[in-house]
Each structure stands twice: as C-alpha cells, then as structure tokens.
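Peer 1: Predicted model and sequence follow; I will ask about them next.
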Amino acid sequence: MLRQVVFIGVLAASVVTAPSAMAAPAEADFTLGANVDAFCRIQAPDERVSEDGAIGLVAEVCNMPGGYQVRASFTNLAQGVVLAGTERAALDETGSATFTADGPRRLQRHWSVQAFRQRDRLQPVLVHLSVMPL
C-alpha cells in the first residue's frame with residue numbers, strides 16, 4: 001500500500017509540475033550561508049623528542065580566516081632551530097618557537113629540532129605543541 005501511495009504522489013507531482021510548451025524556463029538566485037564555530041587542533045605522535053631531534057609527523061588544522069599561531073615549547077633545550085616541514089623557527093629565550101599561518105589550513109608535516117643543545121644531557125627533551133587562533 002505504501003508503494004502505491006508514493007508512486008501516485010510522484011506521478012501527481014510530475015503531472016502538476018510538467019512544463020507546458022509555452023512556459024519560460026524557471027530561474028532562481030539564492031545565497032546560502034553558514035556559521036561555523038572556530039576549530040583549531042594540533043596533534044603530535046609523542047611529547048618526547050628523539051635523540052636525533054625528530055618530533056615526528058604533526059597534524060594541524062585550524063579554520064580561522066584570520067590565521068593562527070602554533071607554539072612549540074621545549075623543556076631541557078638551551079638552543080636549537082625547529083623545522084616544521086619547510087618552515088624554520090629559532091628557539092627564543094623561553095625555549096619556544098612560533099609558527100604563524102595567515103589563513104585556515106589543514107596539513108600534516110614532519111617536525112624536528114636541529115642544531116640543538118640540551119641543558120642536561122641525562123634528561124630527555126620534551127615538546128608541548130599548542131595552537132591559538134589569531
């Protein structure tokens with residue numbers, strides 16, 4: 001019974017909306033908009049930096065049209081240069097490096113630290129990554 005009703009409904013709709021030979025083509029313009037909440041996230045495989053300076057494959061995503069900043073804060077590093085894909089940033093006096101994106105993006109790239117000097121060679125180097133919309 002349900003199939004017959006649907007079939008009759010579709011048939012009736014097609015008969016009612018069938019264009020006549022004299023009808024002009026229908027045109028319509030409309031604007032579709034949406035509001036999306038701000039979303040930014042960064043994820044690293046581990047907080048421990050390997051002995052050769054590898055951090056690993058880091059995934060970052062942020063939908064802010066004005067861009068965002070990624071901050072890598074290290075413990076037990078006196079100096080170094082952080083590589084995020086093809087981007088480079090030297091550690092500042094607090095042991096952090098900052099990368100800035102001027103728009104939204106989603107990517108994965110390999111991170112590492114080069115030319116680094118540990119404060120204490122017996123302790124591990126740890127990294128904490130954070131992301132902040134601009």
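Peer 2: On my side now, so go ahead.

Peer 1: now residue 76: how far from residue 94?
Peer 2: Between residue 76 and residue 94 the computed distance is 13 Å (Cβ to Cβ, to the nearest Å). Where C-beta positions appear, they are placed from N, C-alpha and C, glycine not excepted.

Peer 1: Does residue 78 touch residue 118 like I think?
Peer 2: Yes - between residue 78 and residue 118 there is a contact under Cβ atoms under 8 Å: 6.8 Å.

Peer 1: which of these two has more neighbours?
Peer 2: Taking neighbours as other Cβ atoms under 10 Å, residue 78 and residue 118 compare with residue 118 leading, 18 against 12.

Peer 1: so how many other residues sit close to the nearest residue to that one once chain neighbours are set aside?
Peer 2: Using Cβ to Cβ, 6 or more residues apart in numbering and skipping residues adjacent in sequence, the residue nearest residue 118 is residue 76, 5.5 Å away. Counted with other Cβ under 10 Å, the neighbours of residue 76 add up to 16.

Peer 1: List the contacts of residue 89.
Peer 2: By Cβ atoms under 8 Å, 6 or more residues apart in numbering, the contact set of residue 89 is 72, 81, 82, 97, 98, 99.

Peer 1: same question but for residue 99, I mixed them up
Peer 2: Here residue 99 is in contact with 69, 70, 72, 84, 87, 89 (Cβ under 8 Å, 6+ apart).

Peer 1: Give me the pLDDT value at residue 36.
Peer 2: Note on residue 36: pLDDT of 85.

Peer 1: Check the one 10 residues further on too.
Peer 2: Note on residue 46: pLDDT of 93.

Peer 1: That one against residue 57, yeah?
Peer 2: No - the pair residue 46 / residue 57 is not scored as a contact, 10.6 Å apart, by Cβ under 8 Å.

Peer 1: mind listing the helices for this protein?
Peer 2: For the chain, the helices defined by DSSP state H occupy 2-17.

Peer 1: That concludes my questions; thank you for your assistance.
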